[in-house]
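S.K.: Sharing a sequence plus its predicted fold:
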Amino acid sequence: MNRRLLLRGLMLMAGFVLAGLVMSRYLNTAWIDTHVRGQAWGGLAYVAVGALFIGAGLSRQFVSFLGGYAFGFMPGAVYALLASALGCMLAFGFGRLAGRRLLRPRLAGRIRRVDRFIHDNPFSMTLLIRLLPVGWNLMVNLAAGVSSVRPAPFFLGSAIGYIPQTVVFALLGSGMTLQPVLRTTLSIVLFIISGALGIYLYRRYRRGRTLDESLDRELGA
């Protein structure tokens, strides 16, 4: 993996760990145990609020981290994936239904690039984008919404492509309360593997298309 991308990802993870340590120290974990974990409304509230924040541009990795912290690894990953997918739909829907007049003049170049990159193979090309270890979530969602990309394959490719990093950061969040050294170490290893895989697949299967020239230079594509 590109060293700069690796360093950026590890710094992101370190920031989340620091946030988790602060939460573990200052939040009332008994309240979380009583009112959030194991409560149906707690999961629903997390998904709803997480989707709104992701749709507005909050890092889906951080939402996944919080899911792992609040609900444990597997439930947190499932809730986070739902929130990420719904957030993707919200941003896409805003671009498609309400944002074309507002966004098209401001994002014209990026909209064209996203449209060219995704249009012919929306599922597979969207999957490639989502597997990359870089923060393109909101911009891609908005640009795809404004463009002529078909919604269903875009949503499906996004949801599947979200899985690796959702798992990584939910595992990292769960490590704040259980097996912190093991889970943090495993999260870092999985992040490196998933990031390297995403870059390899992007280089191999982008078929000469360019999503962003600076991104291609950074990835060595």
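M.R.: Received it, and whenever you're ready, just let me know what you need.
S.K.: now the helices for this protein?
M.R.: Using DSSP state H, the helices of the chain run over 3-26, 29-35, 40-56, 60-71, 73-93, 100-103, 108-118, 122-131, 137-146, 151-174, 180-205, 213-219.
S.K.: Render the CA-only coordinates of the shortest one in PDB, please.
M.R.: Going back to what we said before, that points to helix 100-103. These are the backbone C-alpha positions of helix 100-103, laid out as PDB (Å, rounded to 0.1, in the frame of the first residue of the first chain):
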ATOM      1  CA  ARG A 100     -28.900  19.100  -9.200                       C
ATOM      2  CA  ARG A 101     -29.400  22.800  -9.600                       C
ATOM      3  CA  LEU A 102     -27.300  23.600  -6.600                       C
ATOM      4  CA  LEU A 103     -24.500  21.100  -7.100                       C
END
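S.K.: ok, back up a step: what's the most buried one of the helices of the chain?
M.R.: Most buried of the helices of the chain, by mean neighbour count (mean count of other Cβ atoms under 10 Å): helix 60-71, with a mean of 27. Every residue, glycine included, has its C-beta placed from N, CA and C.
S.K.: what residue is smack in the middle of this structure?
M.R.: residue 60 (4.1 Å; Cα atoms, centre = their mean).
S.K.: Could you pull up the contacting residues of the closest residue to that one other than its chain neighbours?
M.R.: Sequence neighbours aside, residue 84 is the residue nearest to residue 60 in space, at 4.5 Å (criterion: Cβ to Cβ, 6 or more residues apart in numbering). Residues in contact with residue 84 (Cβ atoms under 8 Å, 6 or more residues apart in numbering) are 50-51, 54, 60, 63-64, 158-159, 162, 166.
S.K.: please redo it, this time with the cut-off set to 7 Å
M.R.: Contact analysis of residue 84 by Cβ atoms under 7 Å, 6 or more residues apart in numbering lists 54, 60, 63, 162, 166.
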